[in-house]
Every structure is written in C-alpha cells, then in structure tokens.
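# Fold the following.
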Amino acid sequence: MSSAQSLHGEHRNLVGKKVRRLRQNGVTPGVLYGPSVEEPLNVQFNTFDLEKYVRGIEESSLVNVYIDDAEYTVLFKDIAYHPVKPEIISVDLYAPNLNQLITSPVHLDFVGTSEAVEVYSGLLVKNKHEVEVEAMPRDLPEHIQVDLSKLQTFDDVLRVEDITVPEGVKLLHSSQEVIALVEHPHQQEEPEEESGELSEEPETTEE
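This next block holds a predicted model:
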C-alpha cells in the first residue's frame, strides 16, 4: 500500500465532447471501474492536485481516493497526457477485489554500481525497466530493486532469477530472462570501423 496522501475528487456529470469544458476550467475527467464498484463511475479531479499527486506514485501503487464522501482503494491503470502539452487529459482508476490475486507491472529500481562500468568503461544495457508480477493487491510492491554491483565483469548477466521480491509476490517471467548486462566498449566502436572501410578512396587509373 502506498504511503501517498489521499486524493479527493467528485462525481462527473459532463460526458463526451462536453468534458472539454472541464479541462478549460482546470478539471480532469476520469473513470473508476473494477470488481469493487457495482458499475463504472464518471469522476473528475482538480488538475493541479491530480498532477501533483501522480508524481509520487507508480502503476503498482495501491492508493485511496475519495469521490465525494465515498472511499475507494484503487490503482492508476492509465494516465493519458496531452500530445503536445505536459498535462494530464484523463485517468482510469481500477478498484480491485482486495481478496483476490491480480497481475500488475512493477517498476525496476536499479541501485548500486557496476565495476564493469565504473572501472572498465563498459556500457550498461537494461533489457527491462519493469516486470509483471502476481500478488494480492495490498502486497504489490511499488518498485523492485536490481543490484548492479553484481555486474563485475563483461561476462556477468543479471537475470530474473537474480531479483529478490517480497513474500507473496510472484514474478511472471522465465527465470533466465535477461534484466541487465554490460557490453565491452569496443562493441560500440565496430560499426564505425566498418563504415571506415566503406569510406576508403576508390582506386584511380591513369589514362
């Protein structure tokens, strides 16, 4: 469960193209749905409060929101942003059954220092930035740490089996899937060498 403060919103009456009026007045529309609500609810939030709130949560953060006087425990399933402006235009909130297993993506938090990078100037390659997990809603971690200090040489590879997850959380990936590795710096130079060979001056013949 996230430690983020609660977010307050209201029921929304305007739907369809009329929601444009809400955005013009600093209000963001949304939908709240899931097993814990009888039917989807049209909701709305103060845009400033919403944008400030979502900066501190992840997709797997279980949070409490208040719609008028009713409290709901939800996940932010989708946050839609304006294609040009850095502002939220709509949100989807999912209210899970707190007594049933659910699946969710969880952000990977890379910590520590790789000796292969710091000492041997290797290039860190991250193959995954999130993983899919299964857990009870209240057991969902907001992030999972990946210790880069295990990458000491260019032969070392961090795989799914190297990740430690909290009790009650199951990783839905093959244990051998690669999370991160370090490439030798010379591997990045090879394309340049090839292009150099192609750029050699053509032979000339005397007339």
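# Leaving aside the residues adjacent along the chain, what's closest to residue 21?
In this structure, residue 21 finds its nearest non-sequential neighbour in residue 14, 6.4 Å apart by C-beta to C-beta, 6 or more residues apart in numbering. C-beta here means a position set from N, CA and C on the backbone, and glycine is covered the same way.
# Quick check: the one you found vs residue 20, distance?
Separation of residue 14 from residue 20 (C-beta to C-beta, to the nearest Å) stands at 9 Å.
# Flag every buried residue along stretch 29-41.
By neighbour count on 16 or more other C-beta atoms under 10 Å, the buried set for stretch 29-41 is 29, 30, 31, 32, 34, 36, 37, 41.
# mind listing the helices for this structure?
19-24, 47-54, 115-118, 190-198 (DSSP state H).
# which parts of the lengthiest strand in the chain are buried?
In the chain, assigned by DSSP state E, the strand with the most residues is strand 70-81. Buried residues in strand 70-81, defined by neighbour count with 16+ other C-beta under 10 Å: 72, 73, 74, 75, 76, 77, 79.
# from the residues you listed, which is closest to residue 97?
Comparing those against residue 97 with C-beta to C-beta places residue 73 closest, at 10.3 Å.
# I'd assumed residue 6 was in contact with residue 66.
Yes: here residue 66 reaches residue 6: they are 5.9 Å apart, a contact under C-beta atoms under 8 Å.
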